[in-house]
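Engineer: Structure for the following, please:
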Amino acid sequence: MRPSLVGLGVVLGLAAVLRSWTIGAGIPYAVGADEPEIMTRVVHMMQTGDFNPHFFDYPSFYLHLQLVVACIRFVVGASSGLWGSVSQISDANFYLWGRILTAALGTATVYLVYLIGSRWGTRHALLAAGLMAVMPNHVRESHFVLTDVPMTFFTTLSFFLTLRALEKQTLAAFAWAGAAAGAAAATKYYGATILIAPLLAAYFVSNAPRPRLVLALASVGAAAGCFLLAAPYTVLDLPGFLNGFGSLAIALRARAPGGEAGWIIYLKHLTIGFSADGWRATGYCAMLLLFWGLIHSIVRAITGPGQPRFIVLVVFPVAYFILLSDHSLIYARYLMPIFPFVALLIAIAIVSGATQLRRFNIPRPARTALIVALAVVALLPSIVSSVSWNLARGRPSTYFHAYQWIRQNVPADAGVIIETGDFRLPSPYRTKNVKRLPTQDFASYAAAKMSYAVLSSNASGAVFDAPQANPAMCAAYRPFLDRMSLVAVFRNPRGGIGPDLRIYRLLDEPVQPTTAVITTGRAGK
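Structural biologist: Residues are numbered from 1 along each chain as shown. Here you go, the predicted model:
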């Protein structure tokens, strides 16, 4: 046990480092695309006492968890003199602690994978946990206040409790597995899919003191109860929930015919996730190991031994993958709940596959060497990818330099139009994020007392880089450029982070067009 515990400590330490490294990057000026959807509502709940988030794109459980963390953060900050009332705070004050909660749940998921893998063996457990610890997509998403990593924690917890229920075969064990499934669903609706696991387990129990139907009903009842306790406004604000869920269902409707199939896109996301720059072939090697582990597990699910646990291992990720592939919205992070299963399937392919070579009288040292080699092939590219992402994220971006310039040169209460959703300014700046500057006319911006505009190459780059090829876009921007003065440019050097940014001051009167460029900060050199 001692080598196993040492190995587990190393794996958990690596998982924690990768998920906490650069965790504060981008706060408060370049937070994740959907992080404000959570944090602005958490701060609103703190300031108003209205615990209804009035937002049902996903359930409220994680928002309320973040509310607890934010209240603790407020008490700590008040004790050190940072603020004296909730009227003095903004969402920018709480992103770091909120991200720490996500990173903690991500690291805890790695430990759950180890506990699950131990049902197959110590080597399976350590390798699966190691794979989960360095999984690039999971490492990346553990840095943000989003629901995907927390949902993955609860789906993995439900899987672990399901295996435990198979061992104990008691009513309480199945209820706990169902309750974890309810918590997953209360974090993000997709999490309800994991309820398949305890239901399948209930079907396959033998010699249990309770009938199978009773065990299944215990799982369903506990899941429903936990969901309602964790996301009570599903019922307390029933019209809001139904309207929000209806809008979400329309957005997630089945994919239209034509175009690349969803399952192909998600397979590409998986393959790229196992690759590193210049090591694309290793992604395909990991995928081959995944498919081999899936085939091996399907065979064991049919023939045994260990039939029930292999069935649970196979059915959920396949069902979840099929569910995602049929929807119109496709993002790599939506795959998150199947990553623990993917890690275990690859571990099974490597360890169990090499163990089967005993049939051919291959010596144990050769089998061990093969396990080590395959483990390196599966682990090393993911480690390189996760470390590279953290290193890149730790470098100052064009957003960072633009934010520093604005703090030094723009009045604190100025109105700023920002042509991207990725760049934000905290209060007391008055900001308006738009997709492109011409979404409103100049008079509307002037009436709102907007004084500056930040243009992003992601939105308007063609106006400056290829004007002759984009006459319509140039015509749309011309009325604005004639009434703005360029004050700073931040260019992205090769290998840098962030788009090119141009900062303009809005003028009361039109000026003669100019081609002068003022470059400020390291990003412009």
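Engineer: Now do the strands in this protein.
Structural biologist: With DSSP state E, the ranges of strands along the chain come out as 415-418, 430-433, 450-456, 484-490, 501-506.
Engineer: Just give me the residue right at the centre of the protein.
Structural biologist: With distances taken as CA atoms, centre = their mean, residue 141 lies nearest the centre of the chain, 3.5 Å away.
Engineer: Read off the pLDDT value for that one.
Structural biologist: At residue 141, the pLDDT value in this model is 95.
Engineer: try residue 361
Structural biologist: 69.
Engineer: what's the closest non-adjacent residue to residue 145?
Structural biologist: The spatially closest residue to residue 145, leaving aside those adjacent along the chain, is residue 98, at 4.1 Å (CB to CB, 6 or more residues apart in numbering). The way it works is simple: take the backbone N, C-alpha and C, and place the C-beta from them, glycine included.
Engineer: The residue nearest to the centre of the chain and residue 18: what is the separation?
Structural biologist: In this structure, residue 141 and residue 18 are 12 Å apart, going by CB to CB, to the nearest Å.
Engineer: go on, residue 363?
Structural biologist: On the measure of CB to CB, residue 363 and residue 18 end up 36 Å apart.
Engineer: Likewise for residue 201?
Structural biologist: 32 Å.
Engineer: quick one, helices of the stretch 101-250 of the chain?
Structural biologist: 122-134, 136-141, 148-168, 171-187, 196-204, 212-230, 233-236, 238-251 (DSSP state H, counting those that start in this stretch).
Engineer: Relative to residue 388, which of those is closest?
Structural biologist: Among the helices of the stretch 101-250 of the chain, helix 136-141 comes nearest to residue 388, with 9.0 Å by CB to CB.
Engineer: Tell me which other helices or strands that closest one touches.
Structural biologist: Under the contact definition 3 or more CB pairs under 8 Å, 6 or more residues apart in numbering; DSSP states H and E, helix 136-141 sits against helix 95-117, helix 148-168, helix 262-273, helix 364-394.
Engineer: List the buried residues of the shortest one.
Structural biologist: Using 16 or more other CB atoms under 10 Å as the burial criterion, the residues of helix 262-273 that qualify are 262, 265-267, 269-271, 273.
Engineer: Equivalent analysis for stretch 467-480, please.
Structural biologist: Buried residues in stretch 467-480 (16+ other CB under 10 Å): 470, 473-474, 476-477, 480.
Engineer: and what of stretch 313-332?
Structural biologist: Neighbour-count burial for stretch 313-332 [16+ other CB under 10 Å]: 313-317, 320-321, 324-325, 327, 330, 332.
Engineer: Quick one: end-to-end distance for stretch 317-336.
Structural biologist: From its first residue to its last, stretch 317-336 covers 10 Å (CA to CA, to the nearest Å).
Engineer: For it, give the mean pLDDT please.
Structural biologist: 88.
Engineer: Also stretch 491-511?
Structural biologist: Per-residue scores along stretch 491-511 average to 82.
Engineer: Could I have the CA atoms of that stretch written out in CSV?
Structural biologist: Taking Å, rounded to 0.1, in the frame of the first residue of the first chain, the C-alpha atoms of stretch 491-511 are listed here in CSV:
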residue,chain,number,x,y,z
ARG,A,491,-0.3,44.4,-31.4
ASN,A,492,0.1,40.7,-30.7
PRO,A,493,3.7,39.6,-31.3
ARG,A,494,4.3,36.2,-32.8
GLY,A,495,3.4,33.6,-30.2
GLY,A,496,1.6,36.2,-28.0
ILE,A,497,-1.8,36.0,-26.4
GLY,A,498,-4.8,38.0,-27.4
PRO,A,499,-5.9,39.9,-30.5
ASP,A,500,-4.6,43.2,-31.8
LEU,A,501,-6.4,46.0,-29.9
ARG,A,502,-6.9,49.6,-31.0
ILE,A,503,-8.1,52.2,-28.5
TYR,A,504,-9.9,55.3,-29.7
ARG,A,505,-11.3,58.4,-28.1
LEU,A,506,-14.7,59.5,-29.3
LEU,A,507,-14.8,63.2,-30.5
ASP,A,508,-17.6,65.7,-30.6
GLU,A,509,-16.8,66.8,-34.1
PRO,A,510,-15.6,64.8,-37.2
VAL,A,511,-11.9,64.9,-38.0
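Engineer: Not counting sequence-adjacent ones, nearest residue to residue 461?
Structural biologist: residue 500 (6.6 Å).
Engineer: Look up phi and psi at the one you found.
Structural biologist: For residue 500, the backbone dihedrals (degrees, to the nearest 10) come out as phi -70, psi 140.
Engineer: How about residue 483?
Structural biologist: phi -120, psi 30.
Engineer: Isn't it up against residue 442?
Structural biologist: Yes. Here residue 483 reaches residue 442: they are 5.8 Å apart, a contact under CB atoms under 8 Å.
Engineer: Identify the contacts common to those two.
Structural biologist: residue 506 (CB atoms under 8 Å, 6 or more residues apart in numbering).
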